[in-house]
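Peer 1: take this sequence and fold it.
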Amino acid sequence: MTTEQKKRMRPDSQPLYVVHDLRDIIENEILSVLPQNGYEISIVEAPEKTGFDYGVNLATVAQKMGISPAQVMSPLVRRIEDDDITAFQEVESSGPFLNFRINMSKFGGLAVRQILETKGDYGKEDEGKGKRVVIDMSSPNIAKRMSYGHLRSTIIGDSLANLYRSQGYEVVRDNHIGDWGTQFGNLIVAIKKWGNERELLGSKDPIGGLQELYVRFDKEATDEKEVLRAAAQKKVEESGLESVPGLAKAFDAISLEIMKRKHIPREELDTPKIVEDAIDRVVESSLEKEGRNWFLKLEKGDSEARRLWKLCVDLSIKEFQQMYDVLGVSFEETLGESFYENQLQNVVDIVRKSEAGKTSEGALVIDMQDKNLGVAIVQKSDGASLYLTRDLACAIYRQEEMKADKVIYVVGEDQKQYFQQLFEALRRLEYKIGETAEHIYFGMVSLPEGKMSTRKGRVILLKDVLVEGFRKAQEVIETKNPELSKNEELRKKVVRQIAVGALKWNDLCQDAKRPIVFSWDKALNFTGNSAPYVQYAAVRANSILEDSGKTIDASVPKLLSADTYKEPSERALIRHVAEYPNVLNEATRTNNPAKVANYVFQLAKRFNSFYTEIPVLSAEDRNMVEPRLRLVAATYQVISNSLAILGIEVPEKM
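Peer 2: Numbering: from 1, shown residues only. The predicted structure is shown next:
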């Protein structure tokens with residue numbers, strides 16, 4: 001346990017949780033017999049077969065001291081036994097391990113009482129008190145249906161927000177809508193050429209109509225570019241690079257980039273491939289030119305461009321909100337890229353005046369090649385802004401206006417280098433947010449046939465996933481609980497809770513950095529390591545409490561006998577619920593909600609073992625009924641708290 005952990009306090013400035021007190025005692029007792037400070041003490045659960053609760057491996061400490069583990073442990077065991085420390089029932093040395101069997105009637109009674117007293121606040125601490133975190137999350141693009149990839153950003157961001165709040169931080173969830181950029185010029189062109197505004201306004205699926213226009217624009221522009229590429233390639237073969245305007249310059253720029261990045265001489269370059277890439281840079285279809293011109297009009301406030309842009313935004317936001325309502329996710333702010341439009345010139349001026357800004361071929365850039373981050377364009381030679389311009393404006397706004405101490409960007413893995421550029425640019429412009437900002441990335445979602453692509457019309461739509469999830473949840477309920485199916489209002493609620501819980505768990509139960517090959521069966525799995533399995537454990541616990549007919553009063557002190565909580569499954573369950581505050585802290589520190597998901601899955605398994613092996617309401621010793629009921633209530637509370645961090649609800653019935 002580190003010094004920082006010892007300084008942690010609960011939100012109400014009360015002493016730490018009992019598990020921290022216990023770990024402090026163990027660590028302090030060990031350190032008290034060591035000749036000097038600076039030793040790392042790692043306290044873990046002892047293997048169940050040992051019959052002990054916690055263990056410490058002292059092999060490393062002994063090695064540093066130049067003695068055997070037994071020589072370290074002998075005086076320690078004697079000291080603990082002589083002092084008769086009430087926290088321990090027994091201490092044993094076994095090989096390099098020092099094992100502790102704790103006084104569970106005392107420790108368990110205190111831990112359970114603390115959980116029942118603090119309820120939904122159990123596990124919370126005030127480490128982040130006075131600090132504000134902005135979480136950039138979800139960020140769907142206007143005129144495009146929300147895909148499964150947006151689900152990842154949304155639920156990972158929401159769970160991170162819950163984690164940071166649990167540690168005392170003020171959190172602002174900011175849905176950074178993609179409502180600006182060259183693509184809107186392209187969409188305006190598509191609406192004018194092939195669209196029908198009246199049909200879009202009256203459509204049940206307006207985003208679908210807009211997306212079809214987007215796909216058509218891309219296809220026709222791509223087809224035209226293929227013809228232009230072939231013509232350019234032929235010219236090069238016949239007359240050389242100079243025969244295509246701008247091609248020689250593009251060829252030299254790409255060559256230089258590759259030589260610097262790969263540290264290879266010019267003669268080792270793949271010249272034919274570079275020619276192809278250079279042609280791709282300079283060739284532009286007539287549709288793309290029109291789109292670029294319309295976006296420039298949009299930036300300059302052209303009334304027709306603004307009208308069509310707002311039409312796209314309004315239609316999209318309405319559908320997005322429907323998805324968020326189903327997922328149970330909300331935002332403190334929804335500030336799209338367009339919000340920062342009037343701040344872009346200020347960003348350009350800041351960069352131009354700074355030592356970081358340079359002019360290259362008429363464009364304003366920040367050269368970060370010394371960090372292997374290339375050259376980032378802040379303003380194009382024609383005066384147009386880019387993503388980086390808007391993201392710099394956004395980051396500066398978050399620091400100066402939103403007073404953020406930290407910004408977390410929950411965005412896919414393919415943007416890693418971009419965010420490295422953004423943070424480095426902020427540092428070079430001397431904004432402290434560049435030092436504290438983090439990119440929490442997640443692996444890409446793909447189909448068995450390849451990467452998802454909106455332009456190619458190959459995408460897993462979030463709406464379709466939810467509809468299918470509801471269908472499967474409905475089937476499960478009809479099979480497992482026909483009585484519940486008869487209550488239409490409750491059935492609909494439970495169907496949503498199970499389906500949404502299963503989808504969220506599918507992402508949050510594993511390291512977000514792992515890519516996902518989407519599978520309907522896996523995403524909507526209702527058995528094993530799944531949300532329904534954990535939800536059912538909570539429902540079962542609540543059912544036991546209801547069947548008891550008793551009200552659990554946390555405020556009444558309970559004098560527990562030495563026989564209380566002596567069974568192995570009771571002890572294992574108590575140790576696990578007591579550890580929850582440490583799990584929250586570690587999950588927040590590592591920005592990893594999967595730690596909470598893995599923890600609560602193990603908690604559900606331990607609870608299942610407990611109620612299978614240990615009679616609660618039918619206990620032969622009636623003195624055991626109430627302590628066990630209190631343990632059931634504490635377990636229900638911790639499962640509920642854990643699932644709440646993940647944005648998953650506990651159903652009333654299942």
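
Peer 1: rest of the way, CA atoms for contacts and neighbours
Peer 2: Noted.

Peer 1: all the strands of this structure, residue numbers only.
Peer 2: Counting by DSSP state E, the chain has strands at residues 43-45, 54-57, 88-94, 97-102, 132-137, 170-175, 357-360, 363-367, 375-379, 406-412, 438-442, 445-447, 450-451, 516-517.

Peer 1: out of those, deepest packed?
Peer 2: Counting by mean count of other Cα atoms under 10 Å, strand 132-137 has the highest mean neighbour count of these, with a mean of 25.

Peer 1: restrict that one to CA atoms and write it as PDB.
Peer 2: Written as PDB, here are the backbone C-alpha positions of strand 132-137 (Å, rounded to 0.1, in the frame of the first residue of the first chain):
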ATOM      1  CA  ARG A 132     -12.700  18.800 -13.100                       C
ATOM      2  CA  VAL A 133     -12.500  16.200 -15.800                       C
ATOM      3  CA  VAL A 134     -14.000  16.700 -19.300                       C
ATOM      4  CA  ILE A 135     -14.700  13.400 -21.100                       C
ATOM      5  CA  ASP A 136     -15.000  13.700 -24.900                       C
ATOM      6  CA  MET A 137     -17.200  10.800 -25.800                       C
END
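
Peer 1: which residues are in contact with the residue most central in space within the chain?
Peer 2: Note on the chain: the residue nearest the mean C-alpha position is Ile156, at 2.7 Å, using Cα atoms, centre = their mean. Going by Cα atoms under 8 Å, 6 or more residues apart in numbering, Ile156 touches 410, 508, 512, 593.

Peer 1: top of those by neighbour count?
Peer 2: Among the contacts of Ile156, the one with the most neighbours (other Cα atoms under 10 Å) is Pro593, at 30 neighbours.

Peer 1: now it. Its backbone dihedrals?
Peer 2: Torsion angles at Pro593 (phi, psi; degrees, to the nearest 10) stand at phi -60, psi -20.

Peer 1: which residues are in contact with stretch 401-418?
Peer 2: Here stretch 401-418 has contacts from 131-138, 153, 156-157, 373, 398-399, 433, 436-444, 513, using Cα under 8 Å, 6+ apart.

Peer 1: give me the domain ranges for this structure.
Peer 2: Following automatic domain parsing, the chain resolves into domains at 3-102, 181-300, 531-645.

Peer 1: any chance of the ones you listed in a markdown table, with distance to Leu422 too?
Peer 2: Listed next are the domains of the chain as a markdown table, based on distance: least, Cα to Cα, whole Å:
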| stretch | distance to Leu422 |
| --- | --- |
| domain 3-102 | 31 |
| domain 181-300 | 17 |
| domain 531-645 | 20 |
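
Peer 1: any idea which of those gets closest to Ser519?
Peer 2: Proximity to Ser519, assessed across those by Cα to Cα, is greatest for domain 531-645 (16.6 Å).

Peer 1: for the closest one, measure first residue to last.
Peer 2: End-to-end distance of domain 531-645: 13 Å, with Cα to Cα, to the nearest Å as the criterion.

Peer 1: also stretch 586-604?
Peer 2: Rule used - Cα to Cα; the end-to-end distance of stretch 586-604 is 20 Å.

Peer 1: quick one: mean pLDDT over it.
Peer 2: Averaging pLDDT along stretch 586-604 gives 97.

Peer 1: that one: which residues count as buried?
Peer 2: Neighbour counts using 16 or more other Cα atoms under 10 Å place 586-588, 591-597, 599-604 of stretch 586-604 among the buried residues.

Peer 1: so which of these are in helices?
Peer 2: Taking DSSP state H as the definition of helices, those contribute 586-588, 594-597, 599-604.

Peer 1: how about these, which pair is most distant?
Peer 2: Farthest pair in those, by Cα to Cα: Thr588 and Ala604, 21.6 Å.

Peer 1: picking up where we left off before, closest to Ile207 out of the ones in helices among the buried residues of stretch 586-604?
Peer 2: Nearest member of those to Ile207, counting by Cα to Cα, is Ala594, at 32.9 Å.

Peer 1: contacts only, for that closest one.
Peer 2: Counted by Cα under 8 Å, 6+ apart, Ala594 has contacts 508-512, 587.

Peer 1: mind doing that once more with 10 Å?
Peer 2: Contact analysis of Ala594 by Cα atoms under 10 Å, 6 or more residues apart in numbering lists 156, 159, 505, 507-512, 587, 600, 646.

Peer 1: can you tell me the closest non-neighbouring residue to it?
Peer 2: Counting by Cα to Cα, 6 or more residues apart in numbering, the nearest residue to Ala594 once its immediate chain neighbours are dropped is Cys509, at 4.8 Å.

Peer 1: run a quick check on the one you found versus Leu646, I expect a contact.
Peer 2: Yes - counting by Cα atoms under 10 Å, Cys509 touches Leu646, with 9.5 Å between them.

Peer 1: between those two, which contacts overlap?
Peer 2: 593-594, 596-597.

Peer 1: returning to what we had before: which one of Cys509 and Leu646 is surrounded by more residues?
Peer 2: Leu646 (27 against 22).

Peer 1: got phi/psi on the more buried one?
Peer 2: Torsion angles, degrees, to the nearest 10, at Leu646: phi -90, psi 0.

Peer 1: spatially nearest residue to it (excluding sequence neighbours)?
Peer 2: Excluding the flanking residues, the one nearest Leu646 by Cα to Cα, 6+ apart is Ser159, at 5.0 Å.
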